[in-house]
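[1] Just to be clear, the model below is a prediction. Sequence and coordinates:
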Amino acid sequence: MSIRFPSEEWVQAFFTAINESPEYKEGGKPWTHGVTALVVNAQPEIGLPEDYGIWLDLHEGVCREAHHCSSEEAQTAPFCIFGDYARWKQVIHKELEPVKGMMQGKLKLKGNLQIIVRNVKAAQALVTCATRVPTQFLDEP
Amino acid sequence: MTYDSSLSFIFMNTTRVVFGPGSSRDVREEVRALGCTRALVVTDSVLASRTDVPGRIEKTLGDACAGVFSDVVPDSGVHIVDAGAAFARERGADCIVSVGGGSAIDTAKGIAIVLKEGGSLRDYEGFQVLKRRQTPHVAIPTTAGTGSEVTYVAVIKDHEAHQKLLFGDYNIIPDTALLDPELTVGLPPHLTAATGMDAMSHAVEAIHSQQNEPIADGLALHAIRLIAEFLPRAVADGKDLVARGQMLIASNMAGAAFSNAQVGLVHAIAHTVGARYGIHHGLANSIVMPHVVRFNGGEVAATYRPVAGAFGVGTEGLSDEACAEAVAARLSDLAARTGLPQTLSSQGVPEDALPELAEATLADASIIYNGRTVLDAEEVLGVYRAAF
């Protein structure tokens, strides 16, 4: 059964997918730079009235905690990536590579891009984990 | 150039470009055209102390000049940007006129952010996080190399944390660029050569970028033609206004190209050796560029066929690999003709440092766009060894 994105249920499924992923366990090993938060920008017309934050406490190949958070809380994380719904959907479909998306303004990064690039394998593994979550998108029937 | 049906890109080039000998004397009118009345001149300490260029801009601005901030140094810092913004606020500035090379223009981009948004520049570290246009900015380059007057990136050092911070945002692209060849005639030959090869590296890297696209390619290819023809002339005779002007145009076009298509392994290496050994950025680019072309040529040789053509090489009957080799040879030849050193060892890089430099290069953001995907330090080390 597909899980609505974004939702707390989806976040927990993502959490599980990350911790079950051998790719992330290996690729994420060098990551010691703290929480990465993701924010899906509000889009009321598809049923997303407020920004939706996802708090990912990642450390050395493990996701120690994941939960829904407010946009304000997300912005307290060392790394916060913002994007419109359609952009996150492209990321989950592997149609948009996140680092390239940041440089082109399709996604917005608050934080040090050099550190993200240094950990590009971790970023790629996270995207792979997201593709493993059976996802129901808000703008699809 | 071949593009497939998956071609998809964003091209941004919002800067008004005003070119011509004496065009910097239009600065007051250009400030007014932006709806501004009080401009802060941002320049570097060397230019301010050794030339009359900033003074001339100040004089031309007249009562529209809010003051001159001349504390910019190479590897400009967050603290300098914050001080500049405080000075601008104190003087009631509503726009910025930057005069100088990449450091002055990048510092001005940072000041534009802090003056508009408040706080410290550190608060805005990131990519595309700004939600509105920043303080209006007229950029007047005095070197023909960085293309910073049309790019969306500023590199500013955090001297406390000992790290370079990247600020990338379409909202910090300067509004206006005044390209005045008269302002570059005082640049000595070795800096003319090094900055000119910096522009060349922007053009070549835009073309061999994984994000290359037809608009940026067109700009980059013509920039290569101009640099190949006019850089030797500008080096040989600094007062050759035609050569100086064409080099400014080439730098501008290459800047617009790489601001959209991005750069690659050449810059990743140049950033790394620049940070460790203080090698001039343009010179570092010049040294490694032929070797990166040969490295990339092993996988994406066809990329270099039009580049060879832009260098005037007859490509009919040549294999793609031969075109890549011809480009590498032309780049080395151009560096030699303009008197630039061609090895890393000549710049004080010790051989036993190469493996560590190769590892560090992998962490540079530029590398992700290189035409040939690089994930292995051993591959980068091969390029270092070739350039040693």
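    Good, I have the coordinates.

[2] host element of B:Arg330?
    Taking DSSP states H and E as the definition, B:Arg330 sits inside helix B:320-337.

[3] And the residue minimising distance to the centre of chain A, how close does it get to chain B?
    When C-alpha atoms, centre = their mean is applied to chain A, the residue found nearest the centroid is A:Leu38 (4.9 Å). Using C-beta to the nearest C-beta, to the nearest Å, A:Leu38 is found at 14 Å from chain B. Using the backbone N, CA and C atoms, a C-beta is placed for each residue, glycine as well.

[4] rewinding a little: other residues contacting the helix holding B:Arg330?
    Contacts to helix B:320-337, defined as C-beta atoms under 8 Å, 6 or more residues apart in numbering or on different chains, come from residues B:193, B:197, B:200, B:204, B:227-228, B:231-232, B:235, B:286-287, B:289-291, B:293-294, B:296-297, B:301-305, B:307-308, B:311, B:313, B:315, B:318, B:342.

[5] residue boundaries of the helices in chain A?
    For chain A, the helices defined by DSSP state H occupy A:8-19, A:22-27, A:71-74, A:85-92, A:98-103, A:113-118, A:120-131.

[6] Need the winner for burial among these.
    When you average the neighbours per residue for each of the helices of chain A (mean count of other C-beta atoms under 10 Å in any protein chain shown), helix A:98-103 leads with a mean of 22.

[7] Quick check: residues of chain B near chain A?
    When proximity is defined as C-beta under 8 Å from any C-beta of the partner chain, chain B approaches chain A at B:10, B:125-129, B:163-166, B:168-170, B:211, B:262, B:362-365, B:367-369, B:375.

[8] Which of the residues you listed fall in strands?
    B:126-127, B:163-166, B:168 (DSSP state E).

[9] from those residues, which single one is nearest B:Ala93?
    Closest approach between those and B:Ala93, by C-beta to C-beta: B:Leu165, at 23.3 Å.

[10] contacting residues around that closest one?
    A:112, B:78, B:121-122, B:125, B:155-158.

[11] Mind doing that once more with 7 Å?
    For B:Leu165, the contacting residues are A:112, B:78, B:125, B:156, B:158, by C-beta atoms under 7 Å, 6 or more residues apart in numbering or on different chains.

[12] Of the residues you listed, which is the nearest to B:Gln347?
    Minimum distance to B:Gln347 across these is 24.3 Å, recorded for B:Ile156 (C-beta to C-beta).

[13] which secondary structure element contains the closest one?
    For B:Ile156, the host element (DSSP H and E) is strand B:153-158.

[14] what packs against that strand?
    Applying 3 or more C-beta pairs under 7 Å, 6 or more residues apart in numbering or on different chains; DSSP states H and E, one finds that strand B:153-158 makes contact with helix B:78-90, helix B:102-117, strand B:163-168.

[15] Out of the ones you listed, flag the one nearest B:Leu187.
    Of all those, helix B:102-117 comes closest under C-beta to C-beta, at 13.3 Å.

[16] got the contact list for the residue of the stretch 151-300 of chain B found nearest chain A?
    As assessed by C-beta to the nearest C-beta, chain A sits closest to B:Leu166 within the stretch 151-300 of chain B, at 5.2 Å. The contact partners of B:Leu166, taken as C-beta under 7 Å, 6+ apart, are A:113-114, B:153, B:155, B:365.

[17] Please repeat the previous calculation with a cut-off of 8 Å.
    Neighbours of B:Leu166 in contact, by C-beta under 8 Å, 6+ apart: A:112-114, B:125, B:127, B:153-155, B:365.

[18] And the pLDDT at it?
    pLDDT recorded at B:Leu166 is 85.

[19] For it, give its distance to B:Arg372.
    23 Å (C-beta to C-beta, to the nearest Å).

[20] Any residues of chain A in contact with chain B? List them.
    Counting by C-beta under 8 Å from any C-beta, chain A sits next to chain B at A:82, A:99-100, A:102-114, A:117-118, A:120-121.

[21] try it again with 10 Å
    Within reach of chain B by C-beta under 10 Å from any C-beta of the partner chain, chain A has these residues: A:75, A:79-82, A:95-97, A:99-121.

[22] ok, and the closest non-adjacent residue to the residue nearest the centre of chain B?
    Most central in chain B under C-alpha atoms, centre = their mean is B:Thr146, positioned 2.3 Å from the mean C-alpha point. In space, and not counting its chain neighbours, B:Thr146 is closest to B:Gly102: 3.5 Å by C-beta to C-beta, 6 or more residues apart in numbering or on different chains.

[23] That neighbour and B:Ser76 touch, don't they?
    Yes. Using C-beta atoms under 10 Å, B:Gly102 is in contact with B:Ser76, at 9.2 Å.

[24] Name the stretch among the helices and strands packed on strand B:153-158 that sits most buried.
    For the helices and strands packed on strand B:153-158, average neighbour numbers computed from mean count of other C-beta under 10 Å are highest in helix B:102-117, which has a mean of 27.

[25] Just the C-alphas of that one, formatted as CSV.
    Presented in CSV, the C-alpha positions along helix B:102-117 are these (Å, rounded to 0.1, in the frame of the first residue of the first chain):
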residue,chain,number,x,y,z
GLY,B,102,36.8,39.1,-8.6
SER,B,103,37.5,39.8,-4.9
ALA,B,104,36.1,43.3,-5.1
ILE,B,105,33.0,42.2,-7.0
ASP,B,106,32.3,39.2,-4.8
THR,B,107,32.7,41.3,-1.7
ALA,B,108,30.2,43.7,-3.2
LYS,B,109,27.8,40.9,-3.8
GLY,B,110,28.1,40.0,-0.1
ILE,B,111,27.6,43.6,1.0
ALA,B,112,24.5,43.8,-1.3
ILE,B,113,23.0,40.9,0.7
VAL,B,114,23.8,42.2,4.2
LEU,B,115,22.7,45.8,3.3
LYS,B,116,19.4,44.5,2.2
GLU,B,117,18.7,41.7,4.7
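
[26] Look at B:Leu40 and give its secondary structure.
    Per DSSP: H, G, I helix; E, B strand; the rest coil, the secondary structure class of B:Leu40 is strand.

[27] If I look at it, what pLDDT would I see?
    Per-residue pLDDT puts B:Leu40 at 98.

[28] thought it was touching B:Arg89?
    Yes. Counting by C-beta under 10 Å, B:Leu40 does reach B:Arg89; the two are 9.4 Å apart.

[29] okay, and the common contacts of these two?
    Residues touching both B:Leu40 and B:Arg89 by C-beta atoms under 10 Å, 6 or more residues apart in numbering or on different chains: B:66, B:111, B:115.

[30] Run through the residues that contact the residue nearest to B:Gln262 when sequence neighbours are not counted.
    Spatial nearest neighbour of B:Gln262, chain neighbours left out: B:Tyr369 (4.0 Å); criterion: C-beta to C-beta, 6+ apart. For B:Tyr369, the contact set (C-beta under 10 Å, 6+ apart) comprises A:99-100, A:103, B:205-206, B:208-212, B:258, B:261-265, B:267-268.
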